[in-house]
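J.: With the input below, show me the fold.
(one chain, ligands or ions: 1)
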Amino acid sequence: MMKPVHVLAFDADDTLWHSEDHFHATELAYYELLAPHVAPDFDIKGTLTNTQRINLPTYGYGVKAFSLSMIEAAISMTDGNVPSEILTRLIDMGRELLLAPVRLLNHVPETLSVVAEQYRLVLITKGDLMHQSRKIELSGLKHFFEHVEVVQEKDIATYGRIFNDLDIDPREVCMIGNSVKSDIVPILELGGHAVHIPYPVLWELEKTEHPMPSKRFGELLTIADLPAWLHDL
Ligand SMILES: [Mg+2]
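T.: Numbering: from 1, shown residues only. Below is the predicted model of the structure:
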């Protein structure tokens, strides 16, 4: 019988390596830094998230966008009274995110090595081009992928364009990722397959409803379960 899937498309952040845990820790540090400068019941978290949401169409995804939103929210929530030492600290926190070492998730290299024997692998990640490219280089995983794309948005149009360029039928693709909104729903809409592997922390703006499990959509606890899931297709 013909295999239904020939191409595996992997997300990177929080699928191959840790990312959101560092963002989350940075946000907690942000709340602590700003708390002494706003009213006791002020919604710092909501203000930061809302600033990010408003800036998303202009700044896109990634650390630099996050840093600008942290600074903008700090200025607005303190009515312009945020001390410059705090602004300096916020810029440093952004730089620390950009320069952090790549920490691979468990079982990633060995699983890629197994599935690479039977499938073509591509990597599709969104965010800041320079930061994503740096992480891909540092990860030691680049050689597994015949194609790497850093995109601005992960939607039906983007995936359709990528697979068209690669002369790949999206129905023969299985996308593997931690975000249902970005990695799963668009591929299912294109008739492809998708595997959701949740990461313990999910960014507020990635939250969405999960599709019903089906033959084309799997939910796994770890990437180590991927070869068996693909085998059973
Ligand atoms: Mg991800």
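J.: rest of the way, CA atoms for contacts and neighbours
T.: Fine.
J.: tell me which parts of this protein are close to the ion?
T.: Within the chain, the positions adjacent to the ion are 13-14 by Cα under 5 Å from the ion.
J.: Could you list the low-confidence segments of the chain?
T.: Residues of the chain meeting the criterion pLDDT under 70: 1.
J.: Which parts of it are helices?
T.: Taking DSSP state H as the test, the helices found in the chain are 20-34, 44-59, 63-77, 84-99, 108-115, 129-139, 156-165, 185-189, 226-231.
J.: Turn the ones you listed into TSV, columns for distance to residue 178 and mean neighbour count.
T.: Shown next, in TSV, are these (distance: least, Cα to Cα, whole Å; neighbours: other Cα atoms under 10 Å):
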stretch	distance to residue 178	mean neighbour count
helix 20-34	11	15
helix 44-59	20	16
helix 63-77	18	20
helix 84-99	20	15
helix 108-115	14	16
helix 129-139	16	16
helix 156-165	16	14
helix 185-189	12	21
helix 226-231	13	14
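J.: Any idea which of those helices gets closest to residue 199?
T.: For the helices of the chain, the distance to residue 199 is smallest for helix 20-34, at 8.4 Å, taking Cα to Cα.
J.: got the CA coordinates for that closest one in CSV?
T.: Extracted C-alpha coordinates of helix 20-34, given in CSV (Å, rounded to 0.1, in the frame of the first residue of the first chain):
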residue,chain,number,x,y,z
GLU,A,20,8.5,29.7,25.3
ASP,A,21,9.9,28.8,28.8
HIS,A,22,12.4,31.6,28.4
PHE,A,23,9.8,34.1,27.2
HIS,A,24,7.6,33.1,30.1
ALA,A,25,10.5,33.6,32.7
THR,A,26,11.2,37.0,31.1
GLU,A,27,7.5,37.9,31.4
LEU,A,28,7.6,37.0,35.1
ALA,A,29,10.7,39.1,35.6
TYR,A,30,8.9,41.9,33.8
TYR,A,31,5.9,41.8,36.1
GLU,A,32,8.3,42.0,39.1
LEU,A,33,10.2,44.9,37.6
LEU,A,34,7.1,47.0,36.8
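J.: could you give the angle of it to helix 44-59?
T.: 120 degrees (axes from the mean of the first three to the mean of the last three Cα atoms, to 10 degrees).
J.: ok, residues contacting helix 20-34?
T.: Helix 20-34 has contacts (Cα atoms under 8 Å, 6 or more residues apart in numbering) with 13-14, 44-45, 70, 74, 86, 90, 93, 97, 201-203.
J.: what does stretch 162-174 give?
T.: Residues outside stretch 162-174 that contact it (Cα under 8 Å, 6+ apart): 4-9, 160, 187, 190-195.
J.: The same query, at a cut-off of 7 Å, please.
T.: The contact list for stretch 162-174 (Cα atoms under 7 Å, 6 or more residues apart in numbering) reads 4-9, 190-194.
J.: Compute the first-to-last residue distance for stretch 179-199.
T.: Length of stretch 179-199, first residue to last, Cα to Cα, to the nearest Å: 9 Å.
J.: for stretch 146-160, same thing?
T.: This stretch, stretch 146-160, spans 18 Å end to end (Cα to Cα).
J.: Good, wrapping up.
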